[in-house]
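K.L.:
Here is a sequence with its predicted model. Questions after.
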Amino acid sequence: MQGPRFTRILRDITAVLVVGIFMFPIFWWGLTSIKPISAIFNKDEVVFFDFEPTLVNYQVVLFGKSRAELAIESGSTFGVGGGSTYDSRKTILDSTLVAVGSTALTVFLGVIAAYALSRINFRGRQAYLNWILSQRFMPPIAIIVPIVFMYHYAGLRDTITGLIFIHTLINLPIAVLLMKSFFDDVPVDVDEAAMLDGATRFQIFRKVILPLVTGGVAATAVLCFVFSWTEFLLSLFLTNQIRTLPVKISTFVTSTGSEWGFISALGTSAIVPSFIFILLVQKQLVRGLTLGSLKD
Amino acid sequence: MSQATVAIRPARGFVLPRFLTSEHPFPWLAPITAVLLIFGVYPLLYALWLSLHKRNPATRISIFDPEYNWLKILTDDRMWGAIGHTYLYTIVAIAIELVLGLLIALLLDTDRRGYGVLRALMTLPLVVPPAVTGMMFLLMMDGSFGVLSRGLYATGLLSPSTPILANSSTALTGILIADVWQWTPFMVLIMMAGLRALPKDPYEAAAIDGATPVQAFFKLTLPMLSKIIAIAVLIRGVDLFRTFDYVKVMTEGGPGTATETLTAYAGTIYFKNADFPYASTIALMTLILVVVTSSLFIKIFKVRF
């Protein structure tokens, strides 16, 4: 749009302002994580930059510093108690294992299924695709109570394996539909040429087609990782000891007061990996979010 | 996969059945079908079976009583309240996110320098764990030291005696703000993709005919985007209908039951009352409402994936 200079400047200002408003909560969150307690809970005024930055919140949630040590250092006993519960090192490890494990499983299962759905003609293919799509639309609450029972009997409750399976279930429809759209982009001529050379379907898939869609596989993997990393409801129902990050953070809110310093420090740590990953797959994001139906 | 490698080896008189070779879809689709059946379909049938039981909270024994929960749910005022909150929340959130998303997409859709960075920043809220988003807004909406609350007090839009989340008439709006913050970028991204795919010719023709940009938007852009809008609304709507994370961390459904959505209600029945059969019934009712509503939507707006 080549309007007059004034309109262009007005547009620039509006755009920066709008994006600024959307960035504010993240900025405020990060800022809170380096504030001392007195600045966070200041009831007289909102503290923006008038405070001594501290890394103490990160020391507690990421490096396991106990709150008793904190109290001794600061010479006050304010807020002492429940020291070990804020140490989140194990939570980060659990979350990473679940996200990586379910991403690997989802991508493996999804890619081979998507290849067949893209290339092999069979009766009921459209119906099968619709069934996969319908799985995406099913609210997780509908299956979670029976899953809790099933896991109880199978010994999968409170295990990383159990969470990997359920996150795989949730991500599979997205992975299949997304990967199918990437396979559909590769012309069928490529398969046919290889077939004339006597290659089997599996050889074609492994040696010819898969190397052509590595970008798509990477995008699918990133989305699966992010969905697993941010998932809340299923992890909440299925675990007591093993905690994924979102669930762990939610336990920091208590009726007697929330430890906002620790919460925001862990919260900030939780969103950094997501941000890095999502910036890597900007180009495929729209396709991923619309289950492959819209290409950018 | 092992079947496939076996198939290509010249077997000593042993030939694999055709459905186990890689020419047949079976070996490709069997693993995913198994996962979906075990973890998706079987639990659904199990939930239906559970919902046909009546649980005695004192003895913790469930007995088969097929009508009990399904009759109870029809006369459960709290259930109707949850259905009302869920539909209200879904419709209002979609409307706001769609309109805002479209406007911001139009604003950011230009090749000018610096806008690429703005577009990338705009996607960040999407990947914040929703539970963390809920916490962010819980902090900002805190009645005494929350930055958003204090801003609203200062402008006189809100009084310190009635904090957003502690007041039953504004609590749902508070949750809605978190949702709008997180998911408007979803609409922005999709609308931008839609705008970029639009043909240029109709706009040139309209400009020659003397149409204003506003007219061009309503007569050309909106109709041409309608297919994409329908897909975006469907995907977002299905997700909004299952809203749980924000409610759980921000209000726990309260004050009272003012912000209780269907999923949150089922969660409460599960965690607080341990009434598993009734929680399953509520969950299945949610599924039925999703299926009916989204099918109607797909029919009316002729959505095709």
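P.N.:
Now that the structure is in, tell me what you want to look at. Numbering: from 1, shown residues only, chains lettered A, B, ... in the order given.
K.L.:
Where does the residue most central in space within chain B sit: helix, strand or coil?
P.N.:
A centroid search over chain B (C-alpha atoms, centre = their mean) returns B:Asp239, at 1.0 Å, as the residue closest to the centre. Under the three-state scheme (DSSP: H, G, I helix; E, B strand; the rest coil), B:Asp239 adopts helix.
K.L.:
In contact with it: list those residues for me.
P.N.:
Contacts for B:Asp239 were tallied using C-beta atoms under 8 Å, 6 or more residues apart in numbering or on different chains; they are B:Trp183. C-beta: built from backbone N, CA, C; applies to glycine.
K.L.:
for chain B, which spans come out with low pLDDT?
P.N.:
B:1-13, B:305 (pLDDT under 70).
K.L.:
mind redoing it with 50?
P.N.:
Within chain B, the ranges that satisfy pLDDT under 50 run B:1-7.
K.L.:
tell me the domain ranges of it?
P.N.:
With automatic domain parsing as the criterion, the domains of chain B are listed as B:2-51, B:77-301.
K.L.:
which residues sit against stretch A:110-125?
P.N.:
Under C-beta under 8 Å, 6+ apart, the answer for stretch A:110-125 is A:128-129, A:171-172, A:175-180, A:182-184, A:188, A:191, A:201, A:205, A:209-210, A:217, A:220, B:1, B:23-25, B:28-29, B:31-32.
K.L.:
For ChimeraX, write a command that selects the buried ones of the residues you listed.
P.N.:
Typed into ChimeraX, the next command selects the buried ones out of the contacts of stretch A:110-125 (criterion: 16 or more other C-beta atoms under 10 Å in any protein chain shown):
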select /A:128,129,171,172,175,176,177,178,179,180,182,183,191,201,205,209,210,217,220 /B:23,24,25,28,29,32
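K.L.:
quick one: which of the contacts of stretch A:110-125 sit in helices?
P.N.:
A:128-129, A:171-172, A:175-180, A:182-184, A:188, A:191, A:201, A:217, A:220, B:28-29, B:31-32 (DSSP state H).
K.L.:
buried set for the longest helix belonging to chain B?
P.N.:
Secondary structure assigned by DSSP H gives helix B:77-108 as the longest helix of chain B. The neighbour-count check on helix B:77-108 (16+ other C-beta under 10 Å) flags B:78-79, B:81-83, B:85-87, B:89-90, B:92-94, B:96-98, B:100-108 as buried.
K.L.:
Same list, the residues you listed, but only the ones touching chain A.
P.N.:
B:104, B:107-108 (C-beta under 8 Å from any C-beta of the partner chain).
K.L.:
Give me the distance from the longest helix of chain B to the chain's centre.
P.N.:
10 Å (C-alpha atoms, centre = their mean, to the nearest Å).
K.L.:
packing partners for it?
P.N.:
Using 3 or more C-beta pairs under 8 Å, 6 or more residues apart in numbering or on different chains; DSSP states H and E as the contact criterion, the neighbours of helix B:77-108 among helices and strands are helix A:5-33, helix B:115-122, helix B:171-196, helix B:222-241, helix B:262-268, helix B:276-301.
K.L.:
where along the stretch 51-200 of chain A do the helices fall?
P.N.:
Using DSSP state H, counting those that start in this stretch, the helices found in the stretch 51-200 of chain A span residues A:56-63, A:67-74, A:89-119, A:125-137, A:141-154, A:160-185, A:188-196.
K.L.:
Can you flag the weakest of those helices by average pLDDT?
P.N.:
Least confidently modelled of the helices of the stretch 51-200 of chain A is helix A:67-74, at a mean of 66 by mean pLDDT.
K.L.:
residues in contact with A:Ile209?
P.N.:
Residues near A:Ile209 by C-beta under 8 Å, 6+ apart: A:115, A:119, A:183, A:186, A:190-191.
K.L.:
can you check A:Val253 too?
P.N.:
Under the criterion of C-beta under 8 Å, 6+ apart, the contact partners of A:Val253 comprise A:263, B:135, B:138, B:249.
K.L.:
Show me the residues you listed that map onto strands.
P.N.:
Among these, no residue falls in strands (DSSP state E).
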